[in-house]
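J.: coords please:
(chains A and B)
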2 protein chains.
Amino acid sequence: MKARIFVTLKNGVLDPQGKAIHHALTGLGFAGVEDVRAGKLIELDLADGTSDQDIEAMCQKLLANTVIENYRIERL
Amino acid sequence: MKARIFVTLKNGVLDPQGKAIHHALTGLGFAGVEDVRAGKLIELDLADGTSDQDIEAMCQKLLANTVIENYRIERL
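T.: Numbering: from 1, shown residues only, chains lettered A, B, ... in the order given. Sure, this is the predicted structure:
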């Protein structure tokens, strides 16, 4: 069983990586970019019995810093 | 208009970040994790006229290293 975790910075949290990407895109001539936010994508290959609570706990304890980051779980 | 870009390492490319996450999850007692792959998620806020070709070009030129990475575009 696979699961994807999407980790994104909360609104209002400064995102220097996103700013750098934005700046680089503008420098390359892509004028239509208004904002860029960078996040993480973590793909988990899990044993079949793994519960939603387990995945939730992994996010809370390790995968996301819940002070500044949101996460979303997608089971495949 | 928003778009999300998912950048993942190609199969066979070594993923030390994923390995570290896997190791840390095992250390925390999550036994059911078989593999972890780490990737990037880039959220773009784009002007309304931006074409699919423009987004594709951004990925090819900057957002993904197509030698070792795959990317997937999702328009919202």
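
J.: For the rest of this, base every contact and every neighbour count on C-alpha atoms.
T.: Noted.

J.: Might you calculate how far the longest strand along chain A sits from the centre of the chain?
T.: Secondary structure assigned by DSSP state E gives strand A:33-46 as the longest strand of chain A. The chain centroid and the centroid of strand A:33-46 are separated by 4 Å under Cα atoms, centre = their mean, to the nearest Å.

J.: Which other helices and strands does whichever helix or strand comes after that strand contact?
T.: Scanning forward in sequence from strand A:33-46 by DSSP states H and E, the next helix or strand is helix A:52-58. When contacts are defined as 3 or more Cα pairs under 8 Å, 6 or more residues apart in numbering or on different chains; DSSP states H and E, helix A:52-58 packs onto no helix or strand at all.

J.: And helix A:52-58, what's buried?
T.: Residues A:55, A:58 are the ones in helix A:52-58 that count as buried (16 or more other Cα atoms under 10 Å in any protein chain shown).

J.: Run through the residues of chain A sitting next to chain B.
T.: A:6, A:18, A:21, A:24-25, A:30, A:32-50, A:54, A:58, A:62-63 (Cα under 8 Å from any Cα of the partner chain).

J.: Can you give me every residue that contacts residue A:29?
T.: Listed by Cα atoms under 8 Å, 6 or more residues apart in numbering or on different chains, residue A:29 has no contact partners.

J.: Note down every partner strand of the helix or strand hosting residue A:3 and its orientation.
T.: Assigned by DSSP H and E, residue A:3 falls within strand A:2-9. Strand A:2-9 has its sheet partners listed here by DSSP bridges as strand A:33-46 (antiparallel), strand A:69-75 (antiparallel).

J.: So which of those has the densest surroundings on average?
T.: Of all those, strand A:33-46 has the most neighbours on average by mean count of other Cα atoms under 10 Å in any protein chain shown, namely a mean of 20.

J.: related to what we said a few turns ago, which other residues reach the longest strand of chain A?
T.: By Cα under 8 Å, 6+ apart, the residues outside strand A:33-46 that reach it are A:1-9, A:15, A:17-19, A:21-22, A:25-26, B:6, B:18, B:32-47.

J.: what do you get for stretch A:2-10?
T.: A:15, A:37-46, A:63-64, A:68-76, B:41.

J.: Next SSE downstream of the strand holding residue A:3?
T.: helix A:16-27.
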